[in-house]
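Undergrad: got a predicted structure plus its sequence, pasted below:
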Amino acid sequence: MAVVTMTTYGDLPAVHLTAADGAQATVSLFGAHLLSWKTADGKERLFVSSQTPLDGSKAIRGGVPVIFPQFNVRGPGLRHGFARVSTWRLTGQGDSFLEFGLAPSDLSAEHAQAWPHDFTLTLRFTLRGDALDISYSAHNPGQQAYDFGVALHTYYDVGQLDATSISGLQHQQFLDHHNQTLVQDTPALHFTEKHDRMYQSTPSVTLNTADATLHLAQQGFDQWVVWNPGKDDAAALTDLADDEYLRFVCIEPARIYQQPLAAGATWTGKHTIST
Ligand SMILES: O=P(O)(O)OC[C@H]1O[C@@H](O)[C@H](O)[C@@H](O)[C@@H]1O
């Protein structure tokens, strides 16, 4: 039988789900942020920085930050949006899932004032055997259309960066951090330096690490973002230990460029991570 318990993670209220097969997920209400996902074998799949604040003062460095209504600085508002720094509500739970919601009434006065649009965000995490499904939707119940961008900024625990690669992106076009459009010629992407790439199409990709393989699929998003800060950028991040960039990669289903959400419309994205 599945068990759902309220817990804390650092200073943050969180919800813990243990599925019937032993798989586990921990989600903080701050950001509806998945902080831990363990498959039934007990293996942790996500990375969380040892230096991240866990008190709601700042976005969490690690896990699955939820991005809305803009990706990074591609929009007029807060970098990567307010969803990751807002407190969501637990709106549903079941044998294998936890569901969270965010609406304007949940926002701080500062965020509500800066982004005065009507919206309902719903995020559902479902443990399905050795897979995790994340369903993410944005609904506009208002009378006016507005532009939005989204992403699931997942940090994978890869153990050893130099034994890590991503396959499935050969021949795909990407924008690098110098704003250059290039095409990946190699069958696998290895991590030897900083990587901040936006792949313009959405095939399924495979993350290969020293001791695990994860298959990543997405629907409803437009891009994959692949990010690892490399040594120098990692040293500049106060919420990451200097050598921790060697332990994670971010692979993010995203809609980087803001697109309109019409009055009454709903956007839905799905992301599946399977072993
Ligand atoms: O430090 P933040 O706001 O969490 O962003 C981390 C990174 O997020 C990635 O998605 C971006 O592509 C990077 O450019 C950015 O540095």
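TA: Sure, I can see it. Numbering: from 1, shown residues only.
Undergrad: so K231, which state does it fall into?
TA: Under DSSP: H, G, I helix; E, B strand; the rest coil, the three-state class of K231 is helix.
Undergrad: the helix or strand where A234 lies: how far from the chain's middle?
TA: Per DSSP states H and E, A234 falls inside helix 230-236. Centre-to-centre, helix 230-236 and its host chain are 21 Å apart (C-alpha atoms, centre = their mean, to the nearest Å).
Undergrad: pull out the buried residues from that helix.
TA: Applying a neighbour-count criterion of 16 or more other C-beta atoms under 10 Å, the buried positions in helix 230-236 are G230, A234. C-beta coordinates here come from the backbone N, C-alpha and C atoms, glycine included.
Undergrad: is there proximity between it and the ligand?
TA: No. Taking C-beta under 6 Å from any ligand atom as the criterion, helix 230-236 and the ligand are apart, separated by no less than 7.2 Å.
Undergrad: that helix - what's its average pLDDT?
TA: The pLDDT scores in helix 230-236 average 97.
Undergrad: export that helix to CSV, keeping only CA atoms.
TA: Listed next in CSV are the C-alpha coordinates belonging to helix 230-236 (Å, rounded to 0.1, in the frame of the first residue of the first chain):
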residue,chain,number,x,y,z
GLY,A,230,31.7,23.8,-15.7
LYS,A,231,34.4,24.7,-13.2
ASP,A,232,34.5,28.5,-13.4
ASP,A,233,30.7,29.2,-13.4
ALA,A,234,30.3,26.6,-10.6
ALA,A,235,32.8,28.5,-8.5
ALA,A,236,30.8,31.7,-8.9
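Undergrad: list the helices and strands the helix or strand following it packs on?
TA: Counting by DSSP H and E, the element after helix 230-236 in chain order, helix or strand, is strand 248-261. For strand 248-261, the helices and strands in contact under the criterion 3 or more C-beta pairs under 8 Å, 6 or more residues apart in numbering; DSSP states H and E are strand 146-152, strand 155-157, strand 195-199, strand 205-208, strand 213-219, strand 223-228, strand 266-274.
Undergrad: can you give me the buried ones in the second one?
TA: Counting neighbours by 16+ other C-beta under 10 Å, one finds that the buried residues in strand 155-157 are Y155, Y156, D157.
Undergrad: circling back to that earlier point, name the surrounding residues that touch the helix holding A234.
TA: Identification of contacts with helix 230-236 by C-beta atoms under 8 Å, 6 or more residues apart in numbering yields E193, K194, H195, L240, D242, D243, E244, Y245.
Undergrad: need the contact partners of stretch 101-117.
TA: Applying C-beta under 8 Å, 6+ apart, the contact partners of stretch 101-117 are 32, 69, 77-78, 82-83, 85-89, 91, 118-123, 140, 142, 144, 146.
Undergrad: which members of those additionally contact the ligand?
TA: Taking C-beta under 6 Å from any ligand atom as the test, the ligand is in contact with none of the contacts of stretch 101-117.
Undergrad: buried among these? Need that as a selection in ChimeraX.
TA: Provided next is the ChimeraX selection string for whichever of the contacts of stretch 101-117 are buried by 16+ other C-beta under 10 Å:
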select :32,69,78,82,83,85,86,87,88,119,121,122,123,140,146
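Undergrad: could you list which of the contacts of stretch 101-117 belong to helices?
TA: If you go by DSSP state H, these have nothing in helices.
Undergrad: quick one: which of the contacts of stretch 101-117 sit in strands?
TA: Assigned to strands by DSSP state E, the following of these qualify: R89, T91, T120, L121, T122, L123, Y146.
Undergrad: could these go into CSV alongside distance to Q200 and pLDDT?
TA: Formatted as CSV, those follow (distance: C-beta to C-beta, whole Å; pLDDT from 0 to 100):
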residue, distance to Q200, pLDDT
R89, 35, 98
T91, 34, 98
T120, 29, 98
L121, 25, 98
T122, 27, 98
L123, 25, 98
Y146, 24, 98
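Undergrad: tell me which of those residues is nearest to G63?
TA: L123 (12.7 Å; C-beta to C-beta).
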